[in-house]
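Colleague: Give the three-dimensional model of this entry:
(chains A, B and C)
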Amino acid sequence: MSFESWGDFVAMGGYAAYVFGAYGLTVAVGVGLVAQVWVRKRRWEQDLRVQLRAQEKQP
Amino acid sequence: MWRWFHEWGSPRYFYARSGRLLPYLAGLTLLLIPTGIVWGLLYAPADYQQGHSYRIMYVHVPAAILAQSSYAMMAAAGMVSLIWRLKLADAAMQTAAPIGAWVTAIALITGALWGKPMWGTYWVWDARLTSTLILLFLFAGVLALRQAAGPSQSGGRAAAVLAVVGLINLPIIKFSVDWWFTLHQPASFSVTEKPAMPIEMWAPLLAMVIGVYGWFFWVWLLRLRQEIREREVRSEWIRQRYQNEF
Amino acid sequence: MKFGPMKAHRRTILVQIALLVALAGLALTFVLQALDSNINLFFSPIQVVAGEAPHGERIRVGGMVEEGSIERSDRSLQVEFDVTDMAGSTFRVRYTGILPDLFRAGQGVVATGVLTEDRLFEAEEILAKHDEKYMPPEVALALEAGGKAAGDGS
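Modeller: Numbering: from 1, shown residues only, chains lettered A, B, ... in the order given. This is a model prediction of the structure:
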């Protein structure tokens, strides 16, 4: 560990806003892009399910 | 070789085979990125001049490297789609563009967050920063042209041409710090020389760089597979796949 | 769709793309050459000393802060220092305000302001330029103790 205490870590040598801002943004975009595809896939599957059911009812 | 190309070029074959890669890419990402973040934020030593602010490097440098190589991959897909009219390559180009744009934006913003305390400014119009901003515009341009063209593959040709011509920007980004006076420092790593930092500083960086490549291929593949699903929704094979599931 | 050793029309497309990229590259090379001095973010000490940097205009200059040249005022934030290219060309910079964290002797600096007389630059903004070297503090101390300056060589 290159910090003496958790307080030191949170202070980040006075650069906390910049450092945690940069990491936070990066992680948010990284997670966000995965989540976005997942949501798009779920919606699409729901639509398809409705379509396929409708087809089965009227052969 | 041509047979291989032929098989993988078919969306159906690609879709069936590529799914197996997903767990490995997800695993690589989820293993290396948290490791790199904890290592870089907590365990890597502080820098003698920049103190703890240099830790931004562990997200900035991987983002900047990935921004450029993802552009090269997008342009390669565009080139294949121009020459062989391959639907899959067109879809690959289209799905790489938004990811690359986000990665470039992260490289620019994390760089600005580093620049403010260290340089004294968020932004300066030097050759490195400006050419990287142009990279973002190129990604956005390819994306906009491709979206405007609609689902037809022939509509994607203008976007593919832009992607390929935009490759010229990559050597400009790379060598901008050597060709002109810039505020941005020259590269710390090269193939021929020792890194300009000790191993306890570059090891977490290496973990992050490999991790973001894993992430990129993971997200790209997820998006590409979704794009194939949507484009091929009328074809029998995709309906059958789902008929069994529901 | 058929694949096989490249067909003639595919080769034509490839050649067309290659030509387009080459042409665009050539055009861009000319543009960048013509703009060369505008793309450079700052004038170097040798340009300032040789009189190539315009006087009385808002410009940027850059170089290394000379060791031992920094003079701070006791009563205000005014600071004066020499900027050098480590090859004999040096000019003086005067600035009033807060300096970036990385500003120190032996480090690179980029100043925006006006060149008033020969070799005196009145700066309104100072940016620190950092080099590509990273080191833990203990290593830097050890190097210094060993007689080799920490930020050496750039």
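Colleague: Where do the helices of chain A begin and end?
Modeller: In chain A, the segments counted as helices under DSSP state H are A:6-11, A:16-57.
Colleague: now, of these, which is deepest in the fold?
Modeller: Most buried of the helices of chain A, by mean neighbour count (mean count of other C-beta atoms under 10 Å in any protein chain shown): helix A:16-57, with a mean of 15. C-betas here are computed from N, CA, C, even on glycine.
Colleague: so how many other residues sit close to B:Pro23?
Modeller: Neighbour count for B:Pro23, taken as other C-beta atoms under 10 Å in any protein chain shown: 10.
Colleague: typo on my end, C:Gln33
Modeller: Using other C-beta under 10 Å, C:Gln33 is surrounded by 9 other residues.
Colleague: now C:Val49
Modeller: As a measure of burial, C:Val49 has 16 neighbours, counting by other C-beta under 10 Å.
Colleague: which one is it nearest to, not counting chain neighbours?
Modeller: Closest residue to C:Val49 apart from its sequence neighbours, by C-beta to C-beta, 6 or more residues apart in numbering or on different chains: C:Ser89 at 4.3 Å.
Colleague: again, but for B:Ser10
Modeller: Spatially, and ignoring its direct neighbours in sequence, B:Ser10 is nearest to B:Leu88 (7.4 Å; C-beta to C-beta, 6+ apart).
Colleague: ok but the one you found is inside a helix, no?
Modeller: Yes - counting by DSSP: H, G, I helix; E, B strand; the rest coil, B:Leu88 falls inside a helix.
Colleague: I'd say it and B:Gly9 touch.
Modeller: Yes - counting by C-beta atoms under 8 Å, B:Leu88 does reach B:Gly9; the two are 5.5 Å apart.
Colleague: Between these two, which has more neighbouring residues?
Modeller: Using other C-beta under 10 Å, the more surrounded residue of B:Leu88 and B:Gly9 is B:Leu88, with 24 against 17.
Colleague: how close does that one sit to C:Asn38?
Modeller: Between B:Leu88 and C:Asn38 the computed distance is 43 Å (C-beta to C-beta, to the nearest Å).
Colleague: Same question for C:Ser44.
Modeller: 15 Å.
Colleague: Check C:Ala87 too.
Modeller: For C:Ala87, the distance to C:Asn38 - C-beta to C-beta - is 24 Å.
Colleague: Ends of stretch B:160-171, what's the gap?
Modeller: The straight-line separation of the ends of stretch B:160-171 (C-alpha to C-alpha, to the nearest Å) is 19 Å.
Colleague: any chance of the helices of chain A in JSON lines, plus mean pLDDT and distance to B:Gly141?
Modeller: Converted to JSON lines, these look like this (pLDDT from 0 to 100; distance: least, C-beta to C-beta, whole Å):
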{"stretch": "helix A:6-11", "mean pLDDT": "93", "distance to B:Gly141": "41"}
{"stretch": "helix A:16-57", "mean pLDDT": "93", "distance to B:Gly141": "20"}
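Colleague: can you put these in TSV and add distance to B:Trp123?
Modeller: Listed next are those as TSV, based on distance: least, C-beta to C-beta, whole Å:
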stretch	distance to B:Trp123
helix A:6-11	26
helix A:16-57	14
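Colleague: and of the ones you listed, who's closest to chain C?
Modeller: Closest to chain C of these is helix A:16-57 (C-beta to the nearest C-beta; 10.7 Å).
Colleague: So which elements touch the closest one?
Modeller: With contacts taken as 3 or more C-beta pairs under 8 Å, 6 or more residues apart in numbering or on different chains; DSSP states H and E, helix A:16-57 sits against helix B:21-38, helix B:57-84, helix B:87-118, helix B:199-231, helix B:236-245.
Colleague: could I get those helices as JSON lines with mean pLDDT?
Modeller: Conversion of the helices and strands packed on helix A:16-57 to JSON lines gives the following (pLDDT from 0 to 100):
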{"stretch": "helix B:21-38", "mean pLDDT": "97"}
{"stretch": "helix B:57-84", "mean pLDDT": "96"}
{"stretch": "helix B:87-118", "mean pLDDT": "96"}
{"stretch": "helix B:199-231", "mean pLDDT": "96"}
{"stretch": "helix B:236-245", "mean pLDDT": "79"}
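Colleague: Which among these is found nearest to A:Arg40?
Modeller: helix B:199-231 (5.8 Å; C-beta to C-beta).
Colleague: In the closest one, which residues are buried?
Modeller: B:201-205, B:207-229, B:231 (16 or more other C-beta atoms under 10 Å in any protein chain shown).
Colleague: Quick one: distance of it to the chain centre.
Modeller: Put simply, helix B:199-231 sits 8 Å off its chain's centre (C-alpha atoms, centre = their mean, to the nearest Å).
Colleague: what about the residue nearest to C:Arg60 when sequence neighbours are not counted, how many residues close to it?
Modeller: For C:Arg60, ignoring the flanking residues on the chain, the nearest one in space by C-beta to C-beta, 6+ apart is C:Phe42 at 4.0 Å. Number of residues near C:Phe42 (other C-beta under 10 Å) recorded here: 24.
Colleague: what do you get for B:Gly150?
Modeller: Neighbours of B:Gly150 (other C-beta under 10 Å): 10.
Colleague: Tell me the confidence at it?
Modeller: In this model, B:Gly150 is scored at 78, pLDDT.
Colleague: ok, now how distant is it from chain C?
Modeller: Separation of B:Gly150 from chain C (C-beta to the nearest C-beta, to the nearest Å): 21 Å.
Colleague: Give me the phi and psi for that residue.
Modeller: With angles defined as degrees, to the nearest 10, B:Gly150 sits at phi 80, psi -170.
Colleague: Pretty sure B:Glu232 sits against B:Pro11.
Modeller: Yes - using C-beta under 8 Å, B:Glu232 makes contact with B:Pro11 at a distance of 5.8 Å.
Colleague: Neighbour count: the two, which is higher?
Modeller: Higher neighbour count among B:Glu232 and B:Pro11: B:Pro11, with 22 against 17, using other C-beta under 10 Å.
Colleague: Contacts only, for the residue nearest to that one when sequence neighbours are not counted.
Modeller: Leaving aside its sequence neighbours, B:Pro11 sits nearest to B:Ile228 (C-beta to C-beta, 6+ apart; 4.9 Å). Contacts were defined as C-beta atoms under 8 Å, 6 or more residues apart in numbering or on different chains; by that measure B:Ile228 touches B:11, B:14-15, B:88, B:91, B:238.
Colleague: B:Trp123 now?
Modeller: Residues near B:Trp123 by C-beta under 8 Å, 6+ apart: B:112, B:115, B:129.
Colleague: Count residues in the vicinity of the last one, would you?
Modeller: In other words, B:Leu129. 21.
Colleague: Could you identify the helix or strand that succeeds the helix or strand harbouring it?
Modeller: Applying DSSP states H and E as the criterion places B:Leu129 in helix B:127-149. From helix B:127-149 onward toward the C-terminus, using DSSP H and E, the following helix or strand is helix B:157-165.
Colleague: returning to what we had before: chain A: which of the contacts of B:Ile228 is nearest?
Modeller: B:Ile238 (8.7 Å).
Colleague: Kind regards, and thank you for your time.
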